[in-house]
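S.K.: Have a look at this fold, sequence not included:
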């Protein structure tokens, strides 16, 4: 589908979703965003759903301002995927050992490494700027300074919620490795700290929703936020790269005879800020639950833990600010999913996938998400499909 325009206070709301199917709370959030004085454009992805302040699945372009809640609390959250030389025929009939080895190598949930991972021991990890990255931690907000040891040990860990690590097979039989994670707790704490700081500023007192508080250009508060934001985005990128390195090491060991090789890794944020130029204006574009889909950009759009995912290539549609959806998007809250479904339902909906099937992950059941095929179909003018993947192993926190 092409987009539908819904009138907004200061800008039209361009929707790659049927407005009639969007929950009322999310539509109200979009209307609230459209009232911001600094806004220059608002695009809505087909996986849109209610979030804190700004809607998940929204792309907000502003001039001279940025809204921390429009980035998402997990700064830099995103995806990585890599095609391997393995095929489906190389996989054992029982995948439980492989899942166990992944879980041993990469801490999940609230777990962390006993000591920080040395990226120098990971095959192909770019370490040139590693010392500089941690050196810049001294410049982040005092509110999180005491978290450095934990942040270092959490680097290269999965987390929980909708984060996952997967073995996937594409329609041609090739095996892919894929994972989804962000900036762990350090990014969350930085986001919450800056949202709190923004809400105190005088220019935000008259906003329709205080959670939409912004920082404006050429102020100390904006400078401090940008510093911490870009550091946290880099943390998330390194976190995924280290996990992918650990994941590849597991595969090399478990399939030693196959001498596995890997294509270049595809990696993309979907909760972040980018400086981009449209129609002669330098804009700060926040993508909260959206990926960049500029012409030729590779992206990853995952479904739920039982349905599969897509590797896509951007078409460069400037009406969406070169963006596309970040996944299937929830159609019911976590609490609603837990009330409605059981562990038995989860087992049935993830049949054929080696994964957790207990009550602790019922909130991630496939039925709690929108159909991924429908989400892909609604953005045919934003991306083209490169590969369709189906998971055979899914590791959750």
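M.R.: Sure, I can see it. The structure presented is a predicted model; accordingly, all values stated were derived computationally and were not measured. Residues are numbered from 1 along each chain as shown.

S.K.: neighbours of residue 13, just the number please.
M.R.: 22 (other C-beta atoms under 10 Å). (Each C-beta comes from the backbone N, C-alpha and C, glycine too.)

S.K.: Same question for the one 4 residues further on.
M.R.: Other residues within reach of residue 17 by the criterion other C-beta under 10 Å amount to 24.

S.K.: Please compute how far stretch 285-299 lies from its chain's middle.
M.R.: In terms of C-alpha atoms, centre = their mean, to the nearest Å, the centre of stretch 285-299 is found 11 Å from the chain centre.

S.K.: ok, and the helix or strand in this protein with the lowest average confidence?
M.R.: Using mean pLDDT, DSSP states H and E, helix 130-135 stands out as the lowest-scoring helix or strand of the chain, at a mean of 85.

S.K.: tell me which element the closest residue to residue 251 other than its chain neighbours is part of?
M.R.: Leaving aside its chain neighbours, residue 251 sits nearest to residue 260 (5.5 Å; criterion: C-beta to C-beta, 6 or more residues apart in numbering). Residue 260 is located outside every helix and strand, with elements delineated by DSSP states H and E.

S.K.: Any idea what residue 262 is bridged to?
M.R.: residue 84 (DSSP bridges).

S.K.: Tell me the helix or strand right after the least confident helix or strand of the chain.
M.R.: Using DSSP H and E, the helix or strand that follows helix 130-135 towards the C-terminus is helix 148-154.

S.K.: which residues are in contact with that following helix?
M.R.: With C-beta atoms under 8 Å, 6 or more residues apart in numbering as the contact definition, helix 148-154 has outside contacts at 112-116, 134, 137, 144, 184-186, 235, 239.

S.K.: do stretch 182-192 as well
M.R.: So stretch 182-192 is contacted by 68, 71-78, 140-141, 143-144, 147, 150-151, 154-155, 157, 159, 163, 228-229, 232-233, 235-236, 239, 271 (C-beta under 8 Å, 6+ apart).

S.K.: still on that earlier bit, filter the contacts of helix 148-154 down to the buried ones and express that as a PyMOL selection.
M.R.: Here is the PyMOL command that selects the buried residues among those (16 or more other C-beta atoms under 10 Å):
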select buried, resi 112+113+116+134+137+144+184+185+186+235+239
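
S.K.: Please list the members of the contacts of helix 148-154 that lie in helices.
M.R.: Within the contacts of helix 148-154, residues falling in helices by DSSP state H are 134, 184-186, 235, 239.

S.K.: all helices for the stretch 251-397 of the chain, in order.
M.R.: 334-340, 343-349, 372-377 (DSSP state H, counting those that start in this stretch).

S.K.: in the first one, what's buried?
M.R.: Which is helix 334-340. Neighbour-count burial for helix 334-340 [16+ other C-beta under 10 Å]: residue 337.

S.K.: Mind giving me the packing neighbours of it?
M.R.: Applying 3 or more C-beta pairs under 8 Å, 6 or more residues apart in numbering; DSSP states H and E, we find helix 334-340 packed against no helix or strand.

S.K.: Mind listing residues that contact it?
M.R.: 332, 359, 362-365, 367-368.

S.K.: Residue 106: which of the residues you listed is nearest?
M.R.: residue 364 (17.7 Å; C-beta to C-beta).

S.K.: ok now do the closest one, which residues does it touch?
M.R.: So residue 364 contacts 161-162, 304-305, 337, 396 (C-beta under 8 Å, 6+ apart).

S.K.: what's the least confident helix or strand of the chain packed up against?
M.R.: Counting by 3+ C-beta pairs under 8 Å, 6+ apart, helix 130-135 packs on helix 220-254.

S.K.: repeat that with 10 Å
M.R.: Applying 3 or more C-beta pairs under 10 Å, 6 or more residues apart in numbering; DSSP states H and E, we find helix 130-135 packed against helix 148-154, helix 220-254.

S.K.: Point to the residue nearest the middle of this structure.
M.R.: Note on the chain: the residue nearest the mean C-alpha position is residue 78, at 3.0 Å, using C-alpha atoms, centre = their mean.

S.K.: Spatially nearest residue to that residue, not counting backbone neighbours?
M.R.: Distances taken as C-beta to C-beta, 6+ apart place residue 269 nearest to residue 78, at 4.0 Å, with adjacent residues excluded.

S.K.: Hmm, residue 285 and the one you found touching each other?
M.R.: No: Residue 269 is not in contact with residue 285 according to C-beta atoms under 10 Å; the separation is 11.7 Å.

S.K.: which neighbours do these two share?
M.R.: residue 292 (C-beta atoms under 10 Å, 6 or more residues apart in numbering).

S.K.: re the thing from before, filter the contacts of stretch 182-192 down to the buried ones.
M.R.: Those of the contacts of stretch 182-192 that meet the buried threshold are 68, 71-78, 140-141, 144, 147, 151, 154-155, 157, 159, 163, 228-229, 232-233, 235-236, 239, 271, by 16+ other C-beta under 10 Å.

S.K.: What are the buried residues along the least confident helix or strand of the chain?
M.R.: Under 16+ other C-beta under 10 Å, the buried positions of helix 130-135 are residue 134.
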